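S.K.: Prediction below, plus the sequence it came from.
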Amino acid sequence: MTQVEKRYWDRVGMYITEEFAEEWIARMSISDGTGGRHLDEELDEYVITRPITPDELRAEVKELFETPYVEVELPDDVRAILFADRMERKRVPRLKELKAEGHTLDEAKEIFQEEMSEGVAEILGVEVGSLSIGYGGASEEDSGADADNGE
């Protein structure tokens, strides 16, 4: 892919091709177009929103591709997601490497998790303890199982 064939689309937070944009628009199309309500925290009240239409999205993409290519620095949250994805793809070889260094499987998993957490925390500029990053399901603490559901 050349630089001419892709553009950064802020709406999805990544570089896209026109083909990808069309596929994304097709998947995101809403059948009834009725919109919904969301809490506007600044106003502290619910406001009615209308979803963007596929035609509006296509116009947005067309405008993107009519302008020259501009390289942008990816937002920290996107960079953190990409980092975590790269780490996950290298998980098995990294665990085997750690085991070859003499760590138990549990130790290797813990080291791997620490490496991922530290990398993401560094990208986001936060402390490791403030993150909940991992694979599999939510921890018991985060599962919501103990929520009182307003009863």
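M.R.: Here it is on my side, so go on.
S.K.: Trp24 - how many residues pack around it?
M.R.: A count of nearby residues for Trp24, using other C-beta atoms under 10 Å, gives 16. (Glycine included, C-beta is placed from N, CA and C.)
S.K.: ditto for Lys90
M.R.: Residues near Lys90, counting by other C-beta under 10 Å, number 12.
S.K.: Please apply the same query to Leu98.
M.R.: 19.
S.K.: Downstream of the worst-scoring helix or strand of the chain on mean pLDDT, the next helix or strand is which one?
M.R.: Least confident element among the helices and strands of the chain, by mean pLDDT, DSSP states H and E: strand 36-40 (a mean of 75). Tracing the chain past strand 36-40, the next element assigned as helix or strand by DSSP states H and E is strand 45-49.
S.K.: Report the buried residues of the least confident helix or strand of the chain.
M.R.: Buried positions in strand 36-40, judged by neighbour count with 16 or more other C-beta atoms under 10 Å: none.
S.K.: to the chain's geometric centre, what's the distance from it?
M.R.: A distance of 22 Å separates the C-alpha centroid of strand 36-40 from that of its chain, computed with C-alpha atoms, centre = their mean, to the nearest Å.
S.K.: what's in contact with it?
M.R.: Glu45, Tyr46, Val47, Ile48, Thr49, Pro51 (C-beta atoms under 8 Å, 6 or more residues apart in numbering).
S.K.: which helices and strands sit right next to the helix or strand hosting Phe112?
M.R.: Assessed by DSSP H and E, Phe112 sits inside helix 105-124. Helix 105-124 sits against helix 76-89, helix 91-100, with contacts defined as 3 or more C-beta pairs under 8 Å, 6 or more residues apart in numbering; DSSP states H and E.
S.K.: Can you tell me which helices and strands the longest one packs against?
M.R.: Taking 3+ C-beta pairs under 8 Å, 6+ apart as contact, the helices and strands that helix 76-89 lies on are helix 105-124.
S.K.: so the helix it packs on versus helix 91-100, what angle?
M.R.: Angle of helix 105-124 versus helix 91-100, following axes from the mean of the first three to the mean of the last three C-alpha atoms, to 10 degrees, is 120 degrees.
S.K.: between helix 105-124 and helix 76-89, how big is the angle?
M.R.: Angle of helix 105-124 versus helix 76-89, following the same axes, to 10 degrees, is 160 degrees.
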